[in-house]
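**Q** requesting a structural model of the entry that follows:
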Amino acid sequence: MKPKPRIEDLIGLGHTKLGFFKEVQVKMGELRASNRELQREQRHVQTILDGITDIVAVISPDYRIRSVNHSFFDLYQKRSAVKGYCYTVFRDRSEPCEECPLRDALATNQVCRQNAIFGVDGRNRHFAITASPLRDADGQLSEILVVKRDVTLEKEFQAQYYHAEKMATIGLLAAGVAHEINNPLTSIQGFAEGLQRRMAKLAEALNDDGLRRDFEEYLDIIRTECQRCSGIVQSLLTFSPRTTAELSPIRLTPLIRNVLRLLHHKLKQYPDDLIDLQLASELPTIKGNAAELEQVILNLVLNALAAVTPEGRITIRTRGRHNGGVALEVADNGCGIPPDHLPKLFEPFFTTKPVGQGIGIGLSTCYHIIQAHGGEINVDSLPGQGSRFTVRLPAAKGIQP
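**A** Now for the predicted structure:
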């Protein structure tokens, strides 16, 4: 029995090979088209990622960066990202961070979020970080998608808003207390002055010089203390809220004395010679907002108090400048500031105080207030030798000292 003829026998081996090659060419064309489509999709995805203003990074479980979007290079201009360790690229560390959202996401297989403050090219920045697990086709965890949003400006405005809101609340409270105190204080002072005017007749009726001198001394003390309380009340009223920060011609010396009067109770804990006042007798008039400048002075004095020991010394000095402006110095012989902290001192959220004792907004607020007044603020410090903050303000134009 003859075998059945094969296709090669009927059409020939060469023609069969030709059909096979044609089929291969068709498949290759389909693969090339599919590859082009995949590349287009990849470019489309990358374009979407580059359009996101947050930093987006894909990181492997061993902390190596696989890819980043274009926003990474806007912030980390001088750094190479791909194949580097995330803790080295993002935080200049040689080992993984203690609190790591990527590690938490790997451990829990859930989306993890974290807020962190760390330096980028010498400046502190506040980030909101989200780490999301990515799974492969088999559902196995393969990579972590990390999104880092720079919220420094938002947090700074938020902190300034809270600070302003706190000052407004204090101002409202102070205004209410001041008005409540002012009424009986005025009555006490008025009756004391009335008694002093009648002392001559009372002395004749009493016919006792010793008793008369005691009465005169007591009434004089009452009047003096009433005037001191009246000054404190007036100082409290400067913290009352305003709709706008109005600038007007003011003298710097009364502002310093008002702040020290407000700190009188706190200063009683220290020796009498803690504050060394070296205030110039004649200073040019400056144009500013009294309440805001008092906040600056208050912050600088409180920082100096936190730096010195009970046996320390704080010097508050004022002087005129050769260009007609005014300079204020608040110096202490306290613990000082490390050199690497000085460039960051006026940045928001930077603080050398222990956790819970400060959020690092005080000096930043001082900086912005002085800038708004057309002035400048600088600091000189050496560890163990103390610090000196210098505020320079321009003189009010057209106003003589």
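
**Q** any idea which helix or strand comes after the helix or strand hosting L38?
**A** Per DSSP states H and E: L38 is located in helix 13-51. For helix 13-51, the following helix or strand on the C-terminal side (DSSP H and E) is strand 55-59.

**Q** helices and strands around that next one, which ones?
**A** Applying 3 or more CB pairs under 8 Å, 6 or more residues apart in numbering; DSSP states H and E, one finds that strand 55-59 contacts strand 65-68, helix 70-75, strand 141-150. For the C-beta atoms, the positions are set from N, CA and C on the backbone; glycine is no exception.

**Q** a markdown table please, covering those and showing distance to E329.
**A** Listed next are the helices and strands packed on strand 55-59 as a markdown table, based on distance: least, CB to CB, whole Å:
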| stretch | distance to E329 |
| --- | --- |
| strand 65-68 | 47 |
| helix 70-75 | 37 |
| strand 141-150 | 36 |
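
**Q** in a markdown table: those, plus mean neighbour count.
**A** As requested, the helices and strands packed on strand 55-59 are exported to a markdown table (neighbours: other CB atoms under 10 Å):
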| stretch | mean neighbour count |
| --- | --- |
| strand 65-68 | 18 |
| helix 70-75 | 16 |
| strand 141-150 | 18 |
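
**Q** need the longest strand for the protein.
**A** Counting by DSSP state E, the longest strand found in the chain is strand 123-135.

**Q** in its sheet, what does it sit against?
**A** strand 112-120 (antiparallel), strand 141-150 (antiparallel) (DSSP bridges).

**Q** need the contact partners of that strand.
**A** When contacts are defined by CB atoms under 8 Å, 6 or more residues apart in numbering, strand 123-135 is touched by residues 58, 101-102, 104-106, 109-119, 141-152, 155, 344, 347-350.

**Q** now these: which count as buried?
**A** Among the contacts of strand 123-135, those buried by neighbour count (16 or more other CB atoms under 10 Å) are 58, 101-102, 105-106, 112, 114, 116, 143-150, 152, 155, 344, 347-350.

**Q** helices along this structure, start to end?
**A** For the chain, the helices defined by DSSP state H cover 7-11, 13-51, 70-75, 86-91, 101-108, 152-197, 199-206, 209-237, 252-262, 264-267, 290-307, 362-372.

**Q** quick one, domains of the protein?
**A** 1-51, 52-150, 152-241, 247-401 (automatic domain parsing).

**Q** of all the helices and strands packed on strand 55-59, which lies closest to N207?
**A** Nearest of the helices and strands packed on strand 55-59 to N207, taken as CB to CB: strand 141-150 at 83.1 Å.

**Q** pLDDT value on G51, please?
**A** pLDDT for G51: 63.

**Q** returning to that earlier point: buried residues, the longest strand of the chain. List them.
**A** Buried-residue list, strand 123-135, by 16+ other CB under 10 Å: 125-133.

**Q** quick one: contacts for the residue nearest to G362 when sequence neighbours are not counted?
**A** Leaving aside its chain neighbours, G362 sits nearest to N299 (4.6 Å; criterion: CB to CB, 6 or more residues apart in numbering). N299 sits next to 362-363, 365-366 when contact means CB under 8 Å, 6+ apart.

**Q** coming back round to it: ok, so of the buried residues of strand 123-135, who is nearest R213?
**A** The closest of the buried residues of strand 123-135, once distances to R213 are taken by CB to CB, is H126, at 65.8 Å.

**Q** give me the beta-bridge partners of the closest one?
**A** I117.

**Q** and it, how far from I59?
**A** The gap separating H126 from I59 is 21 Å, by CB to CB, to the nearest Å.

**Q** how about N323?
**A** For N323, the distance to I59 equals 54 Å [CB to CB].

**Q** who's more crowded, those two?
**A** More neighbours surround I59 than the other of N323 and I59, with 24 against 9 (other CB atoms under 10 Å).

**Q** mind checking pLDDT for that one?
**A** Note on I59: pLDDT of 87.

**Q** my guess is it contacts R66. True?
**A** Yes. In this structure, I59 is within contact of R66 by CB atoms under 8 Å, at 6.6 Å.

**Q** who touches both of those two?
**A** Common contacts of I59 and R66 (CB under 8 Å, 6+ apart): E143.

**Q** just give me the neighbour total for the residue nearest to R212 when sequence neighbours are not counted.
**A** On the basis of CB to CB, 6+ apart, the spatially nearest residue to R212 that is not a chain neighbour turns out to be A203, at 4.3 Å. Residues contacting A203 under the criterion other CB under 10 Å number 16.

**Q** what's the answer for S248, then?
**A** Neighbour tally, S248, other CB under 10 Å: 11.

**Q** then the one 5 residues further on?
**A** Neighbours of T253 under the rule other CB under 10 Å: 17.

**Q** hmm, T318 and it touching each other?
**A** Yes. T253 lies in contact with T318 (CB under 8 Å); the separation is 6.7 Å.

**Q** need the overlap of contacts for these two.
**A** 279-280, 283.

**Q** am I right that V147 is in contact with T53?
**A** No. Taking contacts as CB under 8 Å, V147 lies outside contact range of T53: 10.7 Å.

**Q** hey, what's L393 bridged with?
**A** Per DSSP bridges, the residues bridged to L393 are V326.

**Q** picking up where we left off before, out of the strands paired with strand 123-135, which gets the lowest mean score?
**A** Looking at those, the bottom one is strand 112-120 with a mean of 81.

**Q** what about the stretch 301-401 of the chain, any weak spots by pLDDT?
**A** 347-361, 397-401 (pLDDT under 70).
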